[in-house]
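Enquirer: Structure for this input, please:
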Amino acid sequence: MSSAGLEGRGVVVTGAASGIGRATALRFAEEGAKVLVADLNREGAEATVEDIGKSGGVALAVVGDLSDQAVVDRVVGRTVEALGGVDVLVNNAGIMDRMSTLGETDDAEWERVLRVNLTAPFLLTRAVLPHMLAAGGGSIVFTASEAGLRGGAAGAAYTASKHGVVGLVKSLAVMYREQGIRANAIAPGGTATHIIDGVDLSTRGAATLRPYQAVAGRYAEPEEQAAAIVFLASPAASNISGAVLPVDNGWSAA
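Expert: All right, here's what the predicted structure looks like:
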C-alpha cells in the first residue's frame, strides 16, 4: 500500500517514453496516482502506458511536441477530462546540445535546445496553473541538471537552458507560494539514459568540458532520479519549495 499520499492524484509527466520520465511515471503509478504520459515518441509513450496498465494503474498518453501550444492544450485538456485534474506536473522532457562552446553554437542548435528545454516547460506550466489555482494548489517538479548549477557540465545552449529552468523554479516558488503551489527541481548528474545518443561530441567545447564531467563514482539509475521527483511532488515535501536538489552522488559538492 502506498504511503506517499499520492493516491488518486492526476499527474502529468513529460518525456515519459524513456529514461527518467518513464521511471517517474511508473513510480507515480505505483503510488496510486493517475498518470498522463506526454512524449514525442509514440511507441515509447504507449509502452509506458501499457506497463502501468499491466500493473493495475491508470494512465494515458498524449503524443506531440510540447513546444507547440496546441499540444500543450491537448495534454492539459486530456488530463483534466480523463484524470479529474492536474495535481502534479513533472517537466522532465529535454534534449542535449553538442557540448558546443558559445562560439560553436549555431542558431538552429540554440533555438532547438531552448525551445525543448525551457520554452516547452514554460508553456505547460502556464497552462496548468489556472487548474492548480482553482483547486487550491499543486506541485510542479522540473528536471534541471548539473548544468543548471555550474558552467562545466554541458555546452552553451544546454547550460543556458537549465539555468533558465532553475530561474523558473525559483520564480514560481516565490510568486505562487501564498496560493498553495510548490515548485522544485532535481539536478541530475550523470544518469544511465539515452539523452546523448547520436550527439556529435566533436566540438572543442566537448574536449574542454571532459575534465569537469567526471561523475562521483557511478552513473545514477533513472529510478533514483524518479524517487527524488516523487518525493518532491508528494505531501512529504509539503514545506519544500524553490529547492534545486542535486541527485548526483556528491558531484556538485566537489
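Enquirer: for stretch 85-92, the distance to its chain's centre please.
Expert: 10 Å (CA atoms, centre = their mean, to the nearest Å).
Enquirer: next one: stretch 6-20
Expert: Taking mean C-alpha positions (CA atoms, centre = their mean), stretch 6-20 and its chain are 10 Å apart.
Enquirer: Could you list the low-confidence segments of the stretch 101-250 of the chain?
Expert: 192-201, 210-217 (pLDDT under 70).
Enquirer: switch the cut-off to 80
Expert: Filtered on pLDDT under 80, the stretch 101-250 of the chain yields the residue ranges 190-219.
Enquirer: Quick one: residues contacting the residue nearest the centre of the chain.
Expert: With distances taken as CA atoms, centre = their mean, Asn92 lies nearest the centre of the chain, 1.6 Å away. Contacts for Asn92 (CB atoms under 8 Å, 6 or more residues apart in numbering) come out as 13-16, 20-21, 24, 142-143, 229. From N, CA and C alone the C-beta is placed, and that goes for glycine too.
Enquirer: so Ser202, which of the three states?
Expert: At Ser202, secondary structure determined by DSSP: H, G, I helix; E, B strand; the rest coil is coil.
Enquirer: do you know how far it is from Ser100?
Expert: 10 Å (CB to CB, to the nearest Å).
Enquirer: The two: which is more packed in?
Expert: Ser100 (24 against 12; other CB atoms under 10 Å).
Enquirer: for the residue nearest to the centre of the chain, phi and psi?
Expert: phi -110, psi -30 (degrees, to the nearest 10).
Enquirer: quick one: the strands in this protein?
Expert: 10-14, 34-39, 58-63, 88-91, 138-143, 181-188, 244-247 (DSSP state E).
Enquirer: Looking at those strands, which is nearest to Arg150?
Expert: When the strands of the chain are compared by CB to CB, strand 181-188 sits nearest Arg150, at 9.5 Å.
Enquirer: Remind me what the closest one packs against, helices and strands.
Expert: helix 120-135, strand 138-143, helix 156-175, helix 222-233, strand 244-247 (3 or more CB pairs under 8 Å, 6 or more residues apart in numbering; DSSP states H and E).
Enquirer: Just want the angle from it to strand 138-143.
Expert: 20 degrees (axes from the mean of the first three to the mean of the last three CA atoms, to 10 degrees).
Enquirer: chain center to strand 181-188, what's the gap?
Expert: Using CA atoms, centre = their mean, the offset of strand 181-188 from its chain centre is 9 Å.
Enquirer: Okay, now the sheet partners of that strand, with direction.
Expert: strand 138-143 (parallel), strand 244-247 (parallel) (DSSP bridges).
Enquirer: how about TSV for the strands of the chain, with distance to Thr159 and mean neighbour count added?
Expert: Output for those, formatted as TSV (distance: least, CB to CB, whole Å; neighbours: other CB atoms under 10 Å):
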stretch	distance to Thr159	mean neighbour count
strand 10-14	21	28
strand 34-39	24	28
strand 58-63	29	21
strand 88-91	18	30
strand 138-143	15	28
strand 181-188	12	26
strand 244-247	14	20
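Enquirer: chain center to stretch 138-154: distance?
Expert: 9 Å.
Enquirer: Nearest to Val62, out of the strands paired with strand 181-188?
Expert: Val62 lies closest, by CB to CB, to one member of the strands paired with strand 181-188: strand 138-143, at 17.8 Å.
Enquirer: pull the CA atoms of the closest one into CSV?
Expert: The C-alpha trace of strand 138-143 is given here as CSV (Å, rounded to 0.1, in the frame of the first residue of the first chain):
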residue,chain,number,x,y,z
GLY,A,138,-0.4,21.8,-6.7
SER,A,139,3.1,20.6,-7.1
ILE,A,140,5.4,21.2,-10.1
VAL,A,141,8.8,19.4,-10.4
PHE,A,142,11.3,20.2,-13.1
THR,A,143,14.3,18.1,-14.2
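Enquirer: Alright, calling it a day.
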